[in-house]
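**Q** Would you be able to build a 3D model of this:
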Amino acid sequence: MFAKNIFLWSAANWNPGRISGLYAWWDAERSDTITTVSGGVSAWADIVASLTVTQSVSSTRPAYSTTSYNGRPGITFDGVDDVLEVTSAGSLPAGSTAAEAWLLVDQQAADADATVRIGFTMGSASNNNMRRLGRNQGGGVSRAASLNGTGAAVVTATNTGNFNNRHVARYVSDGTNDRVDVDASAGSNAADVPSTSGARTRIGAGGASAAASFFQGALNSVLVTPLLSASDASNLYSFLNRRK
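**A** Numbering: from 1, shown residues only. The predicted model follows:
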């Protein structure tokens, strides 16, 4: 009975910090990692390696609120020019290293919006040398999508599910294929070998030397993980869904 109670306690209190090899976790519910000026976010540090994305221009800072993500803390990007970035990838995966990126997101761009809107970018030196996760449009509907640079081109993988409002988006790059899952609904594999540089990390936008493809909506969590086991992926979905 005692062992069973410990197991139940562990399951209920699981958090992403238990993932072996976790690269980064930006968590809007950790107010101690967020610096604000008049409600605008000037810095957001990840809680694994303190990789900190910043914004020095007040007019392009996203807004922080303790209730903006369905009554929970969130950082809201206006879809026009808000972005947080750092000209470093820290210890984030580079080259063709297998990895995943996860977003707990409230996606607010309308279906009619044909703009690609990126929630997270790593490895930005050129479009051909970065991995991006965000929102695209397919068939006139908002879709979650990844854009994976192979060194010579960009390969896009799109999930066919609706990507309006609150979702968990998961980008999986195993080194030879990538896909995007939404709320555990798996997307189709797109064949490619990533060629990721270590020049820049962005939250809320894509773009190479200058930010572009600005995200519209709120983020509660951004994570970069190694390739996850089925158990760790299930636990991470459960953790993020409790916030959704």
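
**Q** which residues does the nearest residue to residue 78 once chain neighbours are set aside contact?
**A** In space, residue 78 comes closest to residue 216 once its chain neighbours are excluded; the distance is 6.8 Å by CB to CB, 6 or more residues apart in numbering. From N, CA and C alone the C-beta is placed, and that goes for glycine too. Taking CB atoms under 8 Å, 6 or more residues apart in numbering as the contact definition, residue 216 lies against 77-79, 107-109, 113, 117, 135.

**Q** Over to residue 112?
**A** Residues near residue 112 by CB under 8 Å, 6+ apart: residue 140.

**Q** follow-up on the earlier one: show the pLDDT at the residue nearest to residue 78.
**A** Note for residue 216: predicted pLDDT of 98.

**Q** ditto for residue 4
**A** The per-residue confidence score, pLDDT, reads 40 for residue 4.

**Q** If residue 72 is in a bridge, with which residues?
**A** Listed by DSSP bridges, the beta-bridge partners for residue 72 are residue 69.

**Q** If you could redo that for residue 145, that was the one I meant.
**A** When bridges are called by DSSP bridges, residue 145 pairs up with residue 134, residue 158.

**Q** Tell me how far it lies from residue 220.
**A** With distances taken as CB to CB, to the nearest Å, residue 145 is found 20 Å from residue 220.

**Q** now for the helix of greatest length in the chain, which elements pack on it?
**A** Selection of the longest helix in the chain by residue count, based on DSSP state H, yields helix 230-243. Under the contact definition 3 or more CB pairs under 8 Å, 6 or more residues apart in numbering; DSSP states H and E, helix 230-243 sits against strand 99-107, strand 165-173, strand 216-225.

**Q** Kindly calculate the angle that it makes with strand 99-107.
**A** 20 degrees (axes from the mean of the first three to the mean of the last three CA atoms, to 10 degrees).
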